[in-house]
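Undergrad: got a predicted model here, sequence first, then my questions.
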Amino acid sequence: MSKQTLSFQAEVAQLLKLVTHSLYSNPDIFLRELVSNASDACDKLRFEGLNSPELYEDTPDLDVRVSFDKAAKTITITDKGIGLTQQDAVEHLGTIAKSGTRDFMSKLSGDQKNDAQLIGQFGVGFYSGFIVADKITVESRRAGLTLAEGVRWSSAGTGDFEVETMERAERGTSVILHLKDDAAEYLNTWKLKSIISKYSDHISLPILMKKEAWKEGENDQPGEMATTDEWETVNQAAALWTRAKKDITPEQYDEFYKQISYDSQPPLASTHNRVEGSTEYTQLLYIPAKAPMDLFNRDKAAGIKLYVKRVFIMDDAQALLPTYLRFVKGVVDSSDLPLNVSRELLQESRAVKAIREGCTKRILSMIEDLAANEPEKFSAFYAEFGAVLKEGLGEDFANRERLAKLLRFASSTTDTTSVGFADYKARMKEGQDAIYYITADTQAAGKNSPQLEIFRKKGIEVLLMTDRVDEWALNYLHEFDGTPLQSVAKGAVDLGKLQDEDEKKAAEEAQTQFKPMLDRLKETLKDKATDVRATTRLVDSPACLVVQDGDMSTQLARMLKQAGQAAPEVKPILEINAQHPLVKKLEGSEHFDDLAHILFDQALLAEGGLPDDPAAYVKRVNALLL
């Protein structure tokens, strides 16, 4: 093939413009990205070589080599990995990773710190080379192809690139960076070694650089350090998780986390363990400090990296963690799984089930430790991931009690999301036999709900549940430590021993005394309410809406409709405060029907809903005002 000049995909051209204008706040990261790509290429060769050992040709040893040429002002990163075909070079170096060009570009914000972490996340780390280079040449040959089927790709990082065939004896890829004038500091062994040590020490392949030796000066010129022809390993060349914990510093743990998560912040907590027994594996797991933007996209591939005997198998091994722990990052290296394991086999494997259970328990232990010993860190964790943790109530029956102990809520007596079920139980009034809660769209809506009036009057604490997942999650949690959970918006209010006889008697009398009016209200509102009854739960408000025990709440029905999902028609019960002046005014009023509808619609508004016909509501209110 003669030399061809092709144009970059539009998104690449836009990305290169960003890169060349210092997208990275730390330009050293270019070497981390290119070494990481070289390591991935070797991992791919190992994987394909399991079934096709001939791909190794006559070079079974894998490594990554970093060298520089001061005279030519170039840095070269060479691997003996899987290599590229001509088509690969055009497809992979001319377009942004297939994980989603539009998604990638939409997330770029102009914030250096946030944008930098997206580069690796979307598989576009190769382009980071243009931070320090004004031209990049890639020479490669795919394993198994003939020497004449090599390919050379080159670009100055502007609008186009060139690609041509070449003869290449070595399998694998060389990335040659032609440095800009202001990047000469990287033509230095010590500088490159320090970057490799900081960012790539954990890579299991040896990273080699040429040794340096003192060279005497000639003609009375001073001597200097110069590279020799002998190569030396400049990284630990052992996967971080395979090393003893005592040999790993906190900084190394943090740096490894940043490598695998593309996060710019250190993790909130981590755990590193070797598990032995019927199933042997090593786990290195991290809880991030911040939730990703797509945390609530349950369809997005998420999970931890899976290795088998230190051979990389797959990213996002979802079978190794339950969905509600999808925020966890890390690595599992198994000794028991076959090297050719697939996603389908993972679903059926006993060893995977044991790993999944072990990882889940370890993560929950980490969170419990934060809750018990580091309250500030736990609060930070809960603010980011508390809502996702609640999904576990419906997904993980075995750990439901552990999860329930970790949940935190605001309450009618506190503003912070800090009240656990155990804290609530410790503060329960004498004679109280249920944990009371209310679900609402916001904390303010819950706190000011008419349904809480009798509880406030009697000084009974009510938990405020304002996450969208709460209503669903509580279908799977009916009690805590033997005490039932009771929604104050479901069923008739029953305070048990906390309600005195006079109150009960007054409620019964009101039900009898106001029966004609209640019957008339029921007839007037038959299309909106299943029943109308007098209640003792209201103190200052004229009316409120409740549903029967076991029915879907009006709030959950609204959320399902907003999400475009089918929801059953929920007809609530209207409860009225027979002592309220507005209710008393209803009797004998010529505007009975209008007042009845206003009473219902105002109760709906008070709980965050909207009248079916807002215009009719406004018209009725205006007529009465006039």
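TA: Looks like it came in fine.
Undergrad: next secondary structure element downstream of the top helix by length along the chain?
TA: Secondary structure of the chain read by DSSP state H shows that its longest helix is helix 350-373. Later in the chain than helix 350-373, the nearest helix or strand by DSSP states H and E is helix 375-390.
Undergrad: and the contacts of that next one?
TA: 268-269, 287-291, 295-296, 324-327, 367, 370-371, 403, 406-408, 417-418, 467-470, 473 (C-beta atoms under 8 Å, 6 or more residues apart in numbering). (C-beta placed from N, C-alpha, C; glycine too.)
Undergrad: in strands, which of those residues appear?
TA: Using DSSP state E, 269, 287, 417-418 are the members of these that sit in strands.
Undergrad: just the buried residues of the helix or strand hosting Ile598, please?
TA: Per DSSP H and E: Ile598 is located in helix 592-606. Neighbour counts over helix 592-606 (16 or more other C-beta atoms under 10 Å) mark 592, 594-604, 606 as buried.
Undergrad: now do that helix: distance to the chain's middle.
TA: For helix 592-606, the separation from the chain centroid amounts to 43 Å (computed by C-alpha atoms, centre = their mean, to the nearest Å).
Undergrad: by contact count, what packs against that helix?
TA: In terms of contacts (3 or more C-beta pairs under 8 Å, 6 or more residues apart in numbering; DSSP states H and E), helix 592-606 is packed against helix 515-524, strand 543-546, strand 573-576, helix 581-586, helix 614-625.
Undergrad: how close does Thr439 get to Gly446?
TA: 7 Å (C-beta to C-beta, to the nearest Å).
Undergrad: again with Ala596
TA: For Ala596, the distance to Gly446 - C-beta to C-beta - is 26 Å.
Undergrad: please apply the same query to Phe397.
TA: Taking C-beta to C-beta, one finds Phe397 at 28 Å from Gly446.
Undergrad: against Thr416, how distant is Asn37?
TA: 45 Å.
Undergrad: same question for Leu205.
TA: 49 Å.
Undergrad: circling back: pull out the buried members of the contacts of helix 375-390.
TA: 268-269, 287-290, 295, 324-327, 367, 370-371, 403, 406-408, 417, 467-470, 473.
Undergrad: can you tell me the SS state at Asp415?
TA: The three-state label given to Asp415 by DSSP: H, G, I helix; E, B strand; the rest coil is strand.
Undergrad: please name the nearest non-neighbouring residue to it.
TA: Among residues not flanking Asp415 along the chain, Gln443 sits closest, at 7.5 Å (C-beta to C-beta, 6 or more residues apart in numbering).
Undergrad: do Ile304 as well
TA: Gly330 is the one closest to Ile304 (C-beta to C-beta, 6+ apart), at 4.6 Å.
Undergrad: repeat for Gly83
TA: Arg142 (4.1 Å).
Undergrad: ditto for Leu464
TA: Gly446 (3.9 Å).
Undergrad: okay, the one you found: pLDDT?
TA: pLDDT recorded at Gly446 is 86.
Undergrad: how far off centre is the strand or helix carrying the residue nearest to Ile304?
TA: According to DSSP H and E, Gly330 maps onto strand 329-334. Computed by C-alpha atoms, centre = their mean, the chain-centroid distance of strand 329-334 equals 17 Å.
Undergrad: and Gln443, how many residues sit next to it?
TA: Residues lying near Gln443 (other C-beta atoms under 10 Å) number 17.
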